[in-house]
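K.L.:
Quick one, structure for this:
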Amino acid sequence: MTTKPKVIAIYRVSTEEQADEDRAGLPRQREAVARVVEQHNLDVVSEIELVGVSGTNVSSSPEFREMLRKVRTREIAGVAVSSLDRLARPDTFESMAVLDSFTDAKANIYAEGEVINLATKEGKLTASIKLAMHGFDRSNIVERSASAKEIKRKKGECPGPPTILPLGVAYERKTRVWSYTEDIKVVQDAFRLFDEKKITNLTQLANEVGLQRNTLAHILRNPLYKGWRIYDQKRSEDKHVVKNPRTPLKKDETVRFSRKKVPRAEKDIIRVQVFKEPAVDPETFDRVQVALTESRSAWLREHIPTAINLAVGIGYCAHCGRRLYSSSGKRGKGSKNAHSYYLCANNHYLNKAKDRKCIQPSVRKEIIDRTLAEFAAVHLASESVILALAERLKAPVDNAASKENQEKRLKQIEQEKSRILSLFKKGFYEMDRLEAEVKTLTAEASTIQRRLRSYDEQQRLRSNADKSVSLLFKACLAFRRITTLAQKQSALRGLFVKVFFDGSKIVGFVPKDPCLRPLPTYDGEHSVENEEGIMKGGIRLDAPFVIESSENQEPPVPDGQKRCRVCKIVMPLDAFRMLTTKKGSWPYYACKECSKQLLKEAYQRRKERVVGSNELGNPND
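P.N.:
Presented below is the predicted three-dimensional model:
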């Protein structure tokens, strides 16, 4: 008695609408699969129903991946589908990789009227051609669908489902008529409060009308409320994975693909008037747009420049080699001491607890940023520095003799390998000894080959040194003409990989261009860098670079002492007073003498406020 081949039946529709009871998508596939099962005498062990899964993304479904696992482990003999396009509609060659599991396991694909055995060359050819044709058909369907939607947009119709329409707007497909719903009153109230009551804070306005802030921001900018449907964006061709936590994945969905929106060309922008009587007066709508633009511009002027730290990403400590980080200074906002600082990563409170404290002092943000900008615009753009760098790079690198010796040794290694193999064939070598000696010779040959490639790289870099120095000089001159912080930050990251700071002084840097970096030399079998320690591969300055304003930077305080923030005198810790606040203790802010004076001044201010309130009298009397 022959056993029936075990298979999994697969039914798939690309959209949820195709799975509705009034559509024949799934029932038609079930009937076709039933005929396939009866024709080939199959045993259906389970069924997979994929709803809303495109043929290009079918491999992202967990049920489909589980099916492929069972195919690879040979728990099933194949799958039964109504047609091959239900298995996949590949849009890339990578999408056709689903066939590999069937090929390796010698599984079959049972479809209506055919059995595809991918273990044979005929089956591979048939499956590849048919899948490619199905993918081509899908591309044509997508192209025709996009063209039809574009025609509808130009005619003023709605090409998508009702879910894409904003609040208070409806569209009847049969009559092709736009209309407003009862929710439009909420939108009108939002425009009225913003324009007339001047409630320009979107969070406050959202609470007033009962909407989410982000939803309200989109509503206030949507020209559909003044009667016009404007399409100034389109979907790009590049597919990407959606990673938005605000849109959770559906059940049994592990990944979601989408296409980013990109601006349309000016000639492709569609503007159609769909409401003759708009919900919001066009003049009111335009005033709201101007106010929103001015509000955003003011926010950008206030926030964005202060958020850019020039040394972040390229600033490094010259003592321990760790990265420099910037403190925001927000805790002291509104006070005299509300400043941002750069500090070494080892001086972070988490690393301090691990005894990783560095002697690098914290330096004011504006001093470090100004020093870095002056270093690029003034120091490196001076002719004396550029000429000295060029002379250093032109220093001859005599590797000719060493290179010749290395090439001779490489030939000797090949000869020794041939000799050992010949002795092994004659019976003078055992296998273990042969493998050990060949392994040793191969490792030595690899080291020599790396060294030879390094010689060639050194020669190439030195040949481009003059060009690199000229480009560096021109880039530093161009840096002087940059005005915005964002452009300065981008330019600095194009010039440097690392810039080493000792306090507020720059002591060295690693250029972005490898042609400007010191070349390694070889001592025996190992490479030795020209610069030792944390500045390996970098250029150490002959004299530290410092600007005038940072020369007066306070020197580091010895361990066990503290500088008073008021009198600026360095004293032992027991000379300071612990100030207690609501959030805990605030140690060593000021010395005991200065603390007494601060407390007296605070008491005097409170006393003056109390006397002033008594003179005004109680308004309830």
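K.L.:
Looking at the helix or strand harbouring Glu391 now, give me its mean pLDDT.
P.N.:
Secondary structure from DSSP states H and E places Glu391 in helix 383-393. If you average the pLDDT over helix 383-393, you get 76.
K.L.:
repeat for stretch 515-534
P.N.:
The model assigns stretch 515-534 a mean pLDDT of 52.
K.L.:
mind listing what Lys357 touches?
P.N.:
Contacts for Lys357 (Cβ atoms under 8 Å, 6 or more residues apart in numbering) come out as 346-347, 351. To be clear about C-beta, it is placed using only N, CA and C from the backbone, and glycine gets the same treatment.
K.L.:
Buried ones in the helix holding Glu391, by neighbour count?
P.N.:
Neighbour-count burial for helix 383-393, counted by 16 or more other Cβ atoms under 10 Å, picks out 385-386, 389-390, 393.
K.L.:
Report all helices and strands that that helix contacts.
P.N.:
In terms of contacts (3 or more Cβ pairs under 8 Å, 6 or more residues apart in numbering; DSSP states H and E), helix 383-393 is packed against helix 465-479.
K.L.:
Just the mean pLDDT for the helix or strand just after the helix it packs on, thanks.
P.N.:
Using DSSP H and E, the helix or strand that follows helix 465-479 towards the C-terminus is helix 485-495. What helix 485-495 shows for mean pLDDT is 87.
K.L.:
orientation of helix 485-495 relative to helix 465-479 in degrees?
P.N.:
Interaxial angle, helix 485-495 versus helix 465-479 (axes from the mean of the first three to the mean of the last three Cα atoms, to 10 degrees): 170 degrees.
K.L.:
Direction included, what does the very next helix or strand once past helix 485-495 pair against?
P.N.:
Taking DSSP H and E as the definition, the helix or strand that follows helix 485-495 towards the C-terminus is strand 496-502. When pairing is defined by DSSP bridges, strand 496-502 lines up against strand 315-317 (parallel), strand 505-511 (antiparallel).
K.L.:
got the contact list for the longest one?
P.N.:
With Cβ under 8 Å, 6+ apart as the contact definition, strand 505-511 has outside contacts at 318, 371-372, 375, 472, 495-501, 517, 531, 535, 537-541, 544-546, 550.
K.L.:
Go ahead and produce PDB holding the CA coordinates of it.
P.N.:
Only the C-alpha atoms of strand 505-511 are listed here, as PDB (Å, rounded to 0.1, in the frame of the first residue of the first chain):
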ATOM      1  CA  LYS A 505      44.200  72.900  24.000                       C
ATOM      2  CA  ILE A 506      44.500  70.800  20.900                       C
ATOM      3  CA  VAL A 507      47.600  68.600  21.000                       C
ATOM      4  CA  GLY A 508      47.000  66.400  17.900                       C
ATOM      5  CA  PHE A 509      44.600  65.100  15.300                       C
ATOM      6  CA  VAL A 510      43.900  62.200  13.000                       C
ATOM      7  CA  PRO A 511      43.000  63.600   9.500                       C
END
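K.L.:
what distance separates it from the centre of its chain?
P.N.:
Chain-centre distance of strand 505-511: 28 Å, with Cα atoms, centre = their mean, to the nearest Å.
K.L.:
what does the shortest one give?
P.N.:
In this view, strand 315-317 has its centroid 23 Å away from the chain centroid, taken as Cα atoms, centre = their mean.
K.L.:
and the next element down the chain from the helix holding Glu391?
P.N.:
Per DSSP H and E, the first helix or strand lying C-terminal to helix 383-393 is helix 400-425.
K.L.:
Pull out the buried positions in that next one.
P.N.:
Residues of helix 400-425 classed as buried under the neighbour-count rule (16+ other Cβ under 10 Å) are 403, 406, 420, 424.
K.L.:
I'd guessed the first one sits against Arg453; true?
P.N.:
In this case it means Lys403. No - assessed by Cβ atoms under 8 Å, Lys403 is found out of contact with Arg453, at 10.9 Å.
K.L.:
hey, which of the strands paired with strand 496-502 is tucked in deepest?
P.N.:
Mean neighbour count (mean count of other Cβ atoms under 10 Å) peaks for strand 315-317 among the strands paired with strand 496-502, with a mean of 25.
K.L.:
can you list the weak-confidence ranges in the stretch 351-500 of the chain?
P.N.:
Counting by pLDDT under 70, the stretch 351-500 of the chain shows low-confidence ranges at 352-356, 392-402, 454-466.
K.L.:
switch to 90 and redo it
P.N.:
Along the stretch 351-500 of the chain, segments meeting pLDDT under 90 span 351-367, 370, 376-491, 493-497.
K.L.:
Ok, the stretch 101-250 of the chain next?
P.N.:
Residues of the stretch 101-250 of the chain that meet the criterion pLDDT under 90 lie in 101-168, 172-177, 183, 194-206, 208-217, 221, 226-250.
K.L.:
what about 50?
P.N.:
Residue ranges of the stretch 101-250 of the chain with pLDDT under 50: 245-246.
K.L.:
the helices in it, which residues?
P.N.:
Along the stretch 101-250 of the chain, the segments classed as helices by DSSP state H, counting those that start in this stretch run 121-155, 184-195, 202-209, 213-220.
K.L.:
The ones you listed: which one's closest to Ala443?
P.N.:
Checking the helices of the stretch 101-250 of the chain against Ala443 by Cβ to Cβ gives helix 121-155 as the closest, at 42.2 Å.
K.L.:
got the buried residues for that closest one?
P.N.:
For helix 121-155, burial by neighbour count (16+ other Cβ under 10 Å) applies to 123-124, 126-127, 130-131, 134-135, 138, 153.
K.L.:
distance of Val566 from Pro361?
P.N.:
19 Å (Cβ to Cβ, to the nearest Å).
K.L.:
out of those two, which sits in the busier spot?
P.N.:
More crowded of Val566 and Pro361, by other Cβ atoms under 10 Å: Pro361, with 18 against 14.
K.L.:
in which helix or strand would I find that one?
P.N.:
If you go by DSSP H and E, Pro361 is not part of any helix or strand.
K.L.:
isn't it right up against Asp502?
P.N.:
No - Pro361 sits out of contact with Asp502 when judged by Cβ under 8 Å, with a separation of 9.5 Å.
K.L.:
what about Ile219, how many neighbours?
P.N.:
Look at Ile219: counted by other Cβ under 10 Å, it has 20 neighbours.
K.L.:
what about it, distance to Ser504?
P.N.:
Here the criterion is Cβ to Cβ. By it, Ile219 lies 50 Å from Ser504.
K.L.:
and Asp137, what does it touch?
P.N.:
Counting by Cβ under 8 Å, 6+ apart, Asp137 touches 85, 89.
K.L.:
now it: how far from Leu84?
P.N.:
Distance, Asp137 to Leu84, using Cβ to Cβ: 11 Å.
K.L.:
Name the nearest of the buried residues of helix 400-425 relative to Ala77.
P.N.:
Closest approach between these and Ala77, by Cβ to Cβ: Phe424, at 49.0 Å.
K.L.:
Would you mind giving both backbone torsions of the residue nearest to the closest one when sequence neighbours are not counted?
P.N.:
Closest residue to Phe424 apart from its sequence neighbours, by Cβ to Cβ, 6 or more residues apart in numbering: Leu434 at 4.9 Å. Dihedral pair for Leu434: phi -60, psi -50, per degrees, to the nearest 10.
K.L.:
got it, and Gly427?
P.N.:
Backbone dihedrals for Gly427, given as degrees, to the nearest 10, come out at phi 90, psi 10.
K.L.:
so what's it up against?
P.N.:
By Cβ under 8 Å, 6+ apart, Gly427 has no neighbours at all.
K.L.:
For Gln415, see how far away it is.
P.N.:
Using Cβ to Cβ, Gly427 is found at 21 Å from Gln415.
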